[in-house]
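[1] Need the 3D shape of this:
(chains A and B)
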Amino acid sequence: MTKDYLYGIALFAIISLFNSCVTVNPTMEEGTRTTAEGFASEPGIPLSAVTNETTAQQLSLAKNQGKAVEDAFFYLKNHANGAQMMAGPYKIAYVLERPKGWYTLDNETLHWHEPEGNAFLGVLVRDGYDGRAVPGVKVTARLLSPAGEVLEEYQLPMGYHPLVNRHGTNINLPSGPFSLKILVDPPRIRRHDPVNGDRYHEQVFAQFNPITIGERDLKEAENTENEKEWMPLAQNQGRAIKDALNAMISSTAMDGEEIQIGDYLLTYAVEYAESFWEVKDGKLRFNMRAEQSTEKNAHVEVVVRDVQTGRIIPGFQVTTSFYKNNDLVEKVSPGMMWHPWLYHYGLNIRVPKEGKYQLEVTAPAPEVRRYGREYGNHFAEDINYRFDDVDVEVGQK
Amino acid sequence: MKNKNYKILFFIASILSSSAMSAQYYRVYGWETLRRGWMEVMVWNKTIAESDLSFERNGNEYSRQGLFLHSAEIEYGITDKFTVGMYGDFRDSPDVSLSYYRFRAVARYSLFSKYKRFFNSALYLEYYQPSKEVEEASELEMRFILQKDLGDFRINLNPAISKDISGEEVKDGLNGNFFGGIYWRRHYTIQLGAEYYGRHGELRDLAPSEEQEHVVFAVADLKFFKGFNWQLGAGTGLNAGSDDLILKSIITYEFNTLRPFRQSR
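    Coordinates of the predicted model:
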């Protein structure tokens, strides 16, 4: 009989291992592959599955956002110079344009920086499955000689652009042909969803075929003359995000609302506390604490978009404070959270009990560069707004 | 590194403790099932510290006092809502040496999404196959799992029916059981609770109260690291048909067998 028992265990183990639902994807983020545009880290479309936190409909909301970003990229590619390839879990694209000026915030006023260098290098890092720009990645660009020597290396900060937000900076183009190697370090932000959040682990690269381009060949894609062409593409991105926000507020969150404050569209949503992936000791780990106790019993989400196009504005440091009868009960600074269909600033919170609260959202004006003389002259104001009657139900997803 | 040693220590402790104590019936289930591709290993231990009751084996009667019941289990998440598992149960007492006792197969399915109904509900089916030497009947048990979160408290109710499917009692009707627990989940590391286990006998002809079993437990769930849970409990019988003092230990460790980013669907 003991033998029967052991046979049973063995059978169970075999069924578990060969369960048809789970198969190994051995090439993910390993090795390299030559592509039509150059060569790159071995591509692998990240797993995007229906889970207890994501429906098929919600995944399509993410794809709609990705499609809108892709349309914008192709506009840039067709009106300037650029290329795209799959690398690891990303679609990595570059665009070379004329040098660009930008605004930064100094002492609460916007300060204009004249264009410098002889070209603007923009890089768009998108998810290989849904096509949305991936928040929080660190992008480095190397210009290589035909012999492979590093001619220049640039760290590309994230910037607000009129058409599509991207990493980039003004650079000095070499006089002859050069290769462009883009290195992408994975984001260190938290990620929702027990399955879909397990993505972006390793540094990947994309090295594009030799580029021969002179200063005179460079163009400016996001200019005022072409505004009628590209502005709808920017607004399409905003609409796709708005669709996801509406779905979040109407079908997933317990409460939520969007208001306009100056240049900003500010949205909050509150949900049950949720588990998430987080980088700990340099590795991505799944944190299940939220679902195994009431230490945290709700989750707050904040999205800040620009009024003109409805796209998410990068670079905020958001703080949320919950008040009950004007007494502070919880204050957290939620970082950017990867989400399978709606990026947001988010964190689990604890409130004493379910009920109505006031939610105060504060954020200094973002630190990012705002590109474009006409279009970047925005976002100088801090955010400080209190939502009343925020309905918080407590529980764990 | 220290953390790793800590985990190994607890794993070894769980194995060793299985030879010192024992567990079996006394567990109230909640709505949650394992995630797809996750596995749970469990060691249950239960000991009957004080009892006037006896059990029968090979025609002989032995005291239940000092009886240890041990159980080893693995469960696996087929989907996010459907978990299957199997157990091997063993028993040991001052009069009877450690021996394999029975095999159990379980399946749990969580219904609906969480908080979408008044109760989070799930179904639980368990099949018992005793060892031939034990001369007991095979049995099927079905539990309806109802879960409700009220602030920091969680209530789990497990009304259950069971039926012998072999042996002399196969002609008997359904037996009715009721298990339930309330847990204070305010903190992650330690969670306290109280549980009730009632076995009422055949539903169409309830057993006299002295033959029913009514036991209440005080339990503490300890979580020292991710995936690990150790439930310790002390129970006392409320009537003559129950053991007087029962101690239980349930150690579980759940883990992901394959990282999602290495899976394709």
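[2] Listing partners with orientation, what would you give for the helix or strand harbouring residue A:357?
    Here residue A:357, judged by DSSP states H and E, is contained in strand A:355-363. Here the strand partners of strand A:355-363, with direction, are listed using DSSP bridges: strand A:319-324 (antiparallel), strand A:383-392 (antiparallel).
[3] pLDDT weak spots in chain A?
    Counting by pLDDT under 70, chain A contains low-confidence ranges at A:1-31.
[4] Longest helix of it, counting residues only.
    Looking across chain A with DSSP state H, the single longest helix is helix A:56-79.
[5] Flag every buried residue along that one.
    For helix A:56-79, the neighbour count (16 or more other C-beta atoms under 10 Å in any protein chain shown) marks A:58-59, A:61-73, A:75-77, A:79 as buried. Yep, even glycine has a C-beta here, placed from its N, CA and C like the rest.
[6] Now tell me what touches it from outside.
    Around helix A:56-79, the neighbours that count as contacts under C-beta atoms under 8 Å, 6 or more residues apart in numbering or on different chains are A:48, A:50, A:82-84, A:93, A:95, A:97, A:122, A:124, A:126-127, A:130-133, A:163-164, A:219, A:221-222, A:226, A:229-230, A:233-234, A:236-237, A:239-241, A:243-244, A:247, A:340-342.
[7] same question, stretch A:115-124
    Here stretch A:115-124 makes contact (C-beta under 8 Å, 6+ apart) with A:69, A:73, A:76, A:82, A:84, A:91-101, A:133, A:139, A:141, A:154, A:156, A:161, A:164, A:166-173, A:180, A:182, A:213, A:215, A:218.
[8] Quick one: the strands in the stretch 51-200 of chain B, in order.
    Shown for the stretch 51-200 of chain B, the strands assigned by DSSP state E, counting those that start in this stretch span residues B:54-57, B:60-63, B:68-77, B:82-92, B:99-111, B:120-130, B:139-150, B:153-164, B:175-184, B:190-202.
[9] now for the fourth one, which elements pack on it?
    If contacts are counted by 3 or more C-beta pairs under 8 Å, 6 or more residues apart in numbering or on different chains; DSSP states H and E, strand B:82-92 sits against helix A:2-17, strand B:68-77, strand B:99-111.
[10] Please apply the same query to the first one.
    When contacts are defined as 3+ C-beta pairs under 8 Å, 6+ apart, strand B:54-57 packs onto strand B:60-63.
[11] Listing partners with orientation, what would you give for the strand it packs on?
    Paired with strand B:60-63 in the same sheet, following DSSP bridges, are strand B:54-57 (antiparallel).
[12] For the strand it pairs with, the averaged confidence score.
    This predicted structure assigns strand B:54-57 an average pLDDT of 78.
[13] mind checking how far that strand is from the chain centre?
    Relative to the chain's own centre, strand B:54-57 is displaced by 21 Å; criterion: C-alpha atoms, centre = their mean, to the nearest Å.
[14] so what's residue A:347 bridging to?
    Here residue A:347 sits in beta bridges with residue A:300, going by DSSP bridges.
[15] The closest residue to residue A:105 other than its chain neighbours: what secondary structure?
    Counting by C-beta to C-beta, 6 or more residues apart in numbering or on different chains, residue A:105 lies nearest to residue A:365, which is 5.3 Å off, once chain neighbours are set aside. Three-state call for residue A:365 (DSSP: H, G, I helix; E, B strand; the rest coil): coil.
[16] since we're on residue A:365, how many residues are nearby?
    19 (other C-beta atoms under 10 Å in any protein chain shown).
[17] and residue B:159, what is it in contact with?
    When contacts are counted by C-beta under 8 Å, 6+ apart, residue B:159 is found next to B:143, B:144, B:146, B:177, B:178, B:179.
[18] is it in a bridge, and if so with what?
    Partner residues in beta bridges with residue B:159, using DSSP bridges, are residue B:178.
[19] now swap in the one 5 residues further on and tell me
    Beta-bridge partners of residue B:164, counted by DSSP bridges, are residue B:139.
[20] any idea how far it lies from residue B:27?
    Here the distance between residue B:164 and residue B:27 works out to 21 Å (C-beta to C-beta, to the nearest Å).
[21] how about the residues of the stretch 201-350 of chain A near chain B?
    A:201, A:272, A:285-289, A:291-295, A:297 (C-beta under 8 Å from any C-beta of the partner chain).
[22] Can you tell me which of these end up in strands?
    Residues from these lying in strands, with DSSP state E as the criterion: A:285, A:286, A:287.
[23] Out of those, who's the most crowded?
    Ranked by neighbour count under the definition other C-beta under 10 Å, those are headed by residue A:286 with 20 neighbours.
[24] who's in contact with that one?
    Going by C-beta under 8 Å, 6+ apart, the list of residues near residue A:286 reads A:194, A:197, A:198, A:275, A:276, A:277, B:226, B:256.
[25] before we move on, the earlier item: could you verify my assumption that the residue nearest to residue A:105 touches residue A:381?
    Yes: counting by C-beta atoms under 8 Å, residue A:381 is a contact partner of residue A:365 at 5.9 Å.
[26] Report the central residue of the chain.
    Went with chain A since none was named. For chain A, the residue lying nearest the average C-alpha position, counting by C-alpha atoms, centre = their mean, turns out to be residue A:135 (2.5 Å).
[27] ok, back up a step: Provide a PyMOL selection command restricted to the buried entries of the contacts of helix A:56-79.
    Buried subset of the contacts of helix A:56-79, written as a PyMOL selection, criterion 16+ other C-beta under 10 Å:
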select buried, chain A and resi 48+50+82+83+84+93+95+97+122+124+126+127+130+131+132+133+163+164+221+222+230+233+234+236+237+239+240+241+243+244+247+340+341+342
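[28] for the residue nearest to residue A:105, phi and psi?
    Torsion angles at residue A:365 (phi, psi; degrees, to the nearest 10) stand at phi -50, psi 140.
[29] near chain A, which residues of the stretch 151-265 of chain B?
    Residues of the stretch 151-265 of chain B lying close to chain A by C-beta under 8 Å from any C-beta are B:151-152, B:185-188, B:191, B:223, B:226-227, B:256-265.
[30] I'd like to know which of those are buried.
    In terms of neighbour count (16+ other C-beta under 10 Å), the buried residues within these are B:152, B:185-186, B:188, B:191, B:223, B:226-227, B:256, B:258-263.
[31] What's the nearest residue in the stretch 101-250 of chain B when you look at chain A?
    For the stretch 101-250 of chain B, the residue positioned closest to chain A under C-beta to the nearest C-beta is residue B:188, at a distance of 4.1 Å.
[32] In space, what's closest to that residue - neighbours in sequence excluded?
    For residue B:188, the spatially nearest residue (C-beta to C-beta, 6+ apart) is residue A:293, at 4.1 Å.
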